[in-house]
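*Asks:* Quick check, what structure comes out for this input:
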Amino acid sequence: RALRAAIAARHPPVAAFLEHLATCHTVVPEPEEPDASEESGPESGPARGGGARFGGFKYQASSPDEEALVTGAAILGARVVANANGTVEIRGAQTFDGSKAASRAVTVLAVNEFTSARKRMSVIVRDRSRPPGSQLFLRLKGADNAVLERCAAPADAASAKTLRDTQTHLDAFARDGLRTLVLAERALSEAETEDWMRAYADASASLVNRDERLAACAEAIERECQLLGATAVEDKLQEGVPETVQTLRDAGALVWMLTGDKLETAVSIAHTCRLIDKDGDLVVVREEDFANDDAGGDFLRVKLAEAREDKALGSDFGLVIEGGALRYALLEKNVDRFMDLCDACSGGVVCCRVSPIQKAAVCEAMKKRKGRVVLGIGDGANDVGLITAAHVGVGISGREGRAAVMAADFSIGAFSMLRRLTLVHGRFSAKRNEEVVLYAFYKNFAYAMANVWFAFGSAFSAQAAFPTAAIATFNVLWTSLPTIAHAV
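*Replies:* Predicted coordinates for the structure are as follows:
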């Protein structure tokens, strides 16, 4: 209600926030069929064939978060109606002086794409509705730790209050299990933009180390930004996720959750999906906990002793470790104690703020534990490393793309299907493999021992016990029939 009132009052910071949402993205709007738009009206909702719709347009995005943010901007009055050939057309947005514009176009000069390592994206735009000399902007959005460290220090008390309020809201959103993004922008001069565009063009045309050069270009311009605000999107669990996780835990599986979300968000999701019991204790490992290790301390050894003591007393607790701490925990000198600490946890293990490389590293460390079979599950491109590193990879087909499905050994349509895949089909598959292996040893043993027994009667003259035809067709025909019958 307060936001809508600020929009109606043409509050400049709110207008800048909405314009940021409407321009810093890679969403492509598509006009819906006339009959579909007439039936739906101006309300928003899911469109046929995927994507969100609003006011006769269907938004196609590579990320559900981008789709939700662009749809939210459209609902609040900044509707994206076109995004092609480097131009974003916004209908109903306010101009720089606060007046209402029917439609205006913003030129996107360059896009620094989101990657798992950068955890942010940015665009360079030119808004020709503004006066000359103030048309160029860098607009940046991403994870709070990636964006806030690239914002300029507060210049006055109002800016400092905005920063404090934003951090307070981010913490509140994270505790509610919402996925958060921070928005910031910076005005650019013509000279700076021209110099940077030349470097960007050279990096884009490079045939060697192209990704590294593009990342360096983005790093050079993504600095000294002004904070605009933050967004929060509900990351709703699929139906049946808590029950599936609880069933896997009851079956004796050690369940890990590897995510790039904030610690508070990860803990809230872990409680919701029953990975960590709400009534149990929580062991949190942060990067600063390893600060004294070089000075002779051993944090993991102390935590492991405490965990084993609590487990002996019957305490129920889970483990949460941040990506910065995980970098130290996976070192060769620490990895064994870290794995022992995870084994001592009666609840689940949550790794937050982790990169795709760290997900694969955790999986590799688990595979080195004796007698462990690792099952990797993911639904996005960030999980490909985890899926390929595991003994068995499962990809979930959804709105995050098909990269995980293409890299996996098995594909399922929803997380709840994992319960039947592992505990029913997985068990049947293990039993079939066991029986087939035993049968292979049995048939070879029977064939060899028959020849040994016959050798006693033939004075070890090397006379064959079976006809040549029977020997030639032993594996192809006779012993293959029980295997086929067992499979059927």
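
*Asks:* can you pull out the helices in the stretch 301-450 of the chain?
*Replies:* In chain order, the stretch 301-450 of the chain shows helices spanning 323-329, 335-344, 356-367, 384-389, 403-407, 417-420, 426-457, with DSSP state H, counting those that start in this stretch as the criterion.

*Asks:* and those helices as JSON lines, adding mean neighbour count and mean pLDDT?
*Replies:* For every residue, glycine as well, the C-beta is placed using N, CA and C. Output for the helices of the stretch 301-450 of the chain, formatted as JSON lines (neighbours: other C-beta atoms under 10 Å; pLDDT from 0 to 100):
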{"stretch": "helix 323-329", "mean neighbour count": "20", "mean pLDDT": "89"}
{"stretch": "helix 335-344", "mean neighbour count": "19", "mean pLDDT": "88"}
{"stretch": "helix 356-367", "mean neighbour count": "20", "mean pLDDT": "93"}
{"stretch": "helix 384-389", "mean neighbour count": "22", "mean pLDDT": "94"}
{"stretch": "helix 403-407", "mean neighbour count": "19", "mean pLDDT": "92"}
{"stretch": "helix 417-420", "mean neighbour count": "18", "mean pLDDT": "94"}
{"stretch": "helix 426-457", "mean neighbour count": "12", "mean pLDDT": "89"}
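
*Asks:* Switch those over to JSON lines, and while doing so, append distance to Glu89 to every line.
*Replies:* Rendered in JSON lines, the data for the helices of the stretch 301-450 of the chain read as follows (distance: least, C-beta to C-beta, whole Å):
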{"stretch": "helix 323-329", "distance to Glu89": "39"}
{"stretch": "helix 335-344", "distance to Glu89": "51"}
{"stretch": "helix 356-367", "distance to Glu89": "35"}
{"stretch": "helix 384-389", "distance to Glu89": "35"}
{"stretch": "helix 403-407", "distance to Glu89": "30"}
{"stretch": "helix 417-420", "distance to Glu89": "41"}
{"stretch": "helix 426-457", "distance to Glu89": "51"}
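
*Asks:* Need phi/psi at the residue lying closest to Ala117 once chain neighbours are set aside.
*Replies:* The shortest distance from Ala117 to any residue that is not its chain neighbour, by C-beta to C-beta, 6 or more residues apart in numbering, is 6.4 Å, and that residue is Ser355. Backbone dihedrals for Ser355, given as degrees, to the nearest 10, come out at phi -90, psi 170.

*Asks:* Over to Glu243?
*Replies:* On the backbone of Glu243 - angles per degrees, to the nearest 10 - the values are phi -60, psi -40.

*Asks:* Neighbours of it, how many?
*Replies:* Neighbour count for Glu243, taken as other C-beta atoms under 10 Å: 13.

*Asks:* what sits against it?
*Replies:* Glu243 makes contact with Arg274, Ser416, Arg419, according to C-beta atoms under 8 Å, 6 or more residues apart in numbering.

*Asks:* Report the contact partners of Arg402.
*Replies:* Counted by C-beta under 8 Å, 6+ apart, Arg402 has contacts Gly395.

*Asks:* how close does the closest residue to Arg128 other than its chain neighbours get to Thr23?
*Replies:* Of all residues beyond its chain neighbours, the one nearest Arg128 is Gln135 (6.1 Å), with distances taken as C-beta to C-beta, 6+ apart. Going from Gln135 to Thr23 by C-beta to C-beta, to the nearest Å gives 13 Å.
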